[in-house]
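Q: Sharing a model that was predicted from the sequence below.
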Amino acid sequence: MRRTAADPDTERWLERTAPRASACQQCGECASVCPSQRQGGIRPAEIMARAAVGSLRPDDPALWLCARCMSCSERCPSDADPGEVIASLRERAAERGNLPPYLLDEAERFKKTALCFPRTGMTKKMRKELGLPDGEVSERAVRECGEIIRRTGLGRFVRE
Ligand code: SF4
Ligand code: SF4
């Protein structure tokens, strides 16, 4: 596979990522343990192959199908650390504003309600079954989540 043309900034980033991805021997161990791939999601070995030659675009939607379980990295016999390569690719995508809209919605909800997912009848029922409180979030918790968003830099992606 040949490296595709990219802007100089992306080119530098690809050069930093490629050496780690190049350690991949395409043994397929990561594919065998990846829960996302089992559900038709991300294919870590394929991501590594594309990252190694710099043909992966930072806005590739497949990157966001990784569940960050790190099973691939634990299993990788070449210490290629596919989970971290994918994380680095996502970081880069975020820096360039290539976050999927559903994640932006989650971040916005987190800021406003301190919850990433809305409370539904189903979640309330499950909480009750588990003996947990109803799940009302205090104003203090919402303020603290706002602070987390500010300190982590997530705020620049969240609509006011
Ligand atoms: S387990 Fe490691 S060496 Fe094997 S395909 Fe996955 S990343 Fe490559
Ligand atoms: S970290 Fe991502 S790519 Fe690796 S096994 Fe988990 S879901 Fe798959």
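A: Structure received. Numbers count the residues shown, from 1 in each chain. Ligands and ions are numbered 1, 2, ... in the order given.
Q: Which segments of this protein make up each domain?
A: Annotated domains of the chain cover 8-95, 101-157 [automatic domain parsing].
Q: wait, what's in contact with the residue nearest the centre of the chain?
A: Note on the chain: the residue nearest the mean C-alpha position is residue 64, at 4.9 Å, using C-alpha atoms, centre = their mean. Contact analysis of residue 64 by C-beta atoms under 8 Å, 6 or more residues apart in numbering lists 90, 100, 103. In short, each C-beta sits where N, CA and C put it, glycine included.
Q: Within the helices and strands, which one has residue 84?
A: helix 82-95 (DSSP states H and E).
Q: buried sites along whatever helix or strand comes next after that helix?
A: For helix 82-95, the following helix or strand on the C-terminal side (DSSP H and E) is helix 101-113. Of the residues in helix 101-113, 106-107, 109-111 count as buried by neighbour count, 16 or more other C-beta atoms under 10 Å.
Q: what does helix 101-113 contact?
A: Contacts for helix 101-113 (C-beta under 8 Å, 6+ apart): 64, 115-118, 137, 142, 145-146, 149, 154-155, 157-159.
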